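Asks: predicted model follows, preceded by the sequence.
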Amino acid sequence: MRPPAHDTVVRSTSGRPELRHVTQVHEWRIERTIDSDGVVISIVAPDGESQSFLVAQADAHDIGEVLRRRAVWTEPGER
């Protein structure tokens, strides 16, 4: 298993590989806001550090669509 924070290579939106420093997600929550039509996405790292993001409803829908279409999980070495 990888450590909670490490460097990894991602394929950027430009299509080129880019090195990113990433932290694993320990816990996440999606909660509806009371005073708007958005949602709050909260992410907690293994060390307990957390960050919350206010996401408009249309953006939340787009994020869900992208995850459904692009997050293809393969075994290491498979393409």
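Replies: Now that the structure is in, tell me what you want to look at. Numbering: from 1, shown residues only.
Asks: so residue 30 is in which element?
Replies: Following DSSP states H and E, one finds residue 30 within strand 27-32.
Asks: partner strands of the following helix or strand past that strand, parallel or antiparallel?
Replies: Toward the C-terminus, strand 27-32 is succeeded by strand 39-44 as the next helix or strand (DSSP H and E). When pairing is defined by DSSP bridges, strand 39-44 lines up against strand 27-32 (antiparallel), strand 50-55 (antiparallel).
Asks: same list (these) but as TSV, adding mean neighbour count.
Replies: Heads up, the C-betas are built off the backbone N, CA and C, glycines and all. Below are those laid out as TSV (neighbours: other CB atoms under 10 Å):
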stretch	mean neighbour count
strand 27-32	11
strand 50-55	12
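Asks: got TSV for these, with mean pLDDT too?
Replies: Output for those, formatted as TSV (pLDDT from 0 to 100):
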stretch	mean pLDDT
strand 27-32	95
strand 50-55	96
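Asks: can you convert these into TSV and add a column each for distance to residue 61?
Replies: Shown next, in TSV, are those (distance: least, CB to CB, whole Å):
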stretch	distance to residue 61
strand 27-32	12
strand 50-55	10
